[in-house]
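**Student:** below: sequence and its predicted model.
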Amino acid sequence: MLLMNAKDERTGCDTKVAVPIAISRSHVHLTAAVIEELFCDRYSLHKAAPASQPSQYITMEKVTLVGPTGRRILGVPIIGPPRAVNQIELSLTDAQSLEIRAPVRESGDLVGTPGIVVVGPRTQVKLGTGVICAQRHVHLTPADARRLALSDRDRTEVSTTGTRRGIVFKDVLVRVSPEYQLELHLDLDEANAAGLKRGDSAWLERRVGVSRPDVDC
Ligand SMILES: [Zn+2]
């Protein structure tokens, strides 16, 4: 459901901001070295579509993931560009079907995470670490953050409506950067639990009781 911002009539500030939702299926971020091993030497990924945040893209390349008991998931997309570190982002449903324990972590926090086998057309690579279930998070520009009185690494709540399965998502990690665009990132399990689909939006509430000189609206 597409929502509109709500304003405080007295101050003119937004009290609730409608945030577009991006829904991720399970996917992988791989290093250039692993991509070369899996595909071929000096291999370049092929862009299929832009991903939700600028500079990220869904590629035409897909891999198979094999869990510790041999169960596998086929056709898992690689998100480009190549990264410095391999990171496998699974929904908890997919992690269960692979019989792998994926901890809920924010991107890049990979210490102690389980590994997995990634299979490409040329060979397979066993990664020692890197499997996570991504912490739900919202991307904000610095201007969005100011009007919502939020700061980078805050935790906030986002509510959904209009689907007859409304949910308040707690523990939503706030990430702020001029490189971002306003967007809530959920995985497919989270979106399905709330009956959300692509193009829907959710409410992000302005943090109350915050008085900071850099807060405007
Ligand atoms: Zn994100």
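**Tutor:** Sure, I can see it. As the structure is a prediction and not an experimental result, all values here were calculated from the model.

**Student:** can you spell out which helices and strands pack onto the helix or strand bottoming out on mean pLDDT in the chain?
**Tutor:** The helix or strand of the chain with the poorest confidence is strand 6-7; it has a mean of 74 (mean pLDDT, DSSP states H and E). Counting contacts by 3 or more CB pairs under 8 Å, 6 or more residues apart in numbering; DSSP states H and E, strand 6-7 is packed against strand 14-24. Every C-beta, even on glycine, is put in place using the N, C-alpha and C of the backbone.

**Student:** and the contacts of the next helix or strand after the strand it packs on?
**Tutor:** Remark: after strand 14-24, the chain's next helix or strand is strand 27-29, criterion DSSP states H and E. Strand 27-29 is contacted by residues 58, 63, 65, 76-79, 82-83, 85-89, 118 when judged by CB atoms under 8 Å, 6 or more residues apart in numbering.

**Student:** please pick the buried ones from those.
**Tutor:** 58, 63, 65, 76-79, 82-83, 86-89, 118 (16 or more other CB atoms under 10 Å).

**Student:** so can I have CSV of those residues showing pLDDT and distance to R198?
**Tutor:** CSV is the format used below for the buried ones among the contacts of strand 27-29 (pLDDT from 0 to 100; distance: CB to CB, whole Å):
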residue, pLDDT, distance to R198
I58, 95, 13
V63, 98, 23
L65, 98, 23
V76, 98, 19
P77, 97, 15
I78, 98, 20
I79, 97, 16
P82, 97, 26
R83, 97, 24
N86, 98, 27
Q87, 98, 23
I88, 98, 23
E89, 98, 18
V118, 98, 27
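
**Student:** and the contacts of stretch 108-125?
**Tutor:** The contact list for stretch 108-125, computed with CB under 8 Å, 6+ apart, reads 28, 30, 34, 37-40, 61, 63-68, 72, 85-88, 98, 100-103, 105, 126-132.

**Student:** the helices in this protein, which residues?
**Tutor:** Using DSSP state H, the helices of the chain run over 32-38, 92-97, 142-148, 188-193.

**Student:** and the third one, how far out from the chain middle?
**Tutor:** What it means is helix 142-148. 20 Å (CA atoms, centre = their mean, to the nearest Å).

**Student:** in it, what counts as buried?
**Tutor:** 144-148.

**Student:** ranking the helices of the chain by mean pLDDT, which is last?
**Tutor:** Lowest mean pLDDT within these: helix 142-148, at a mean of 90.
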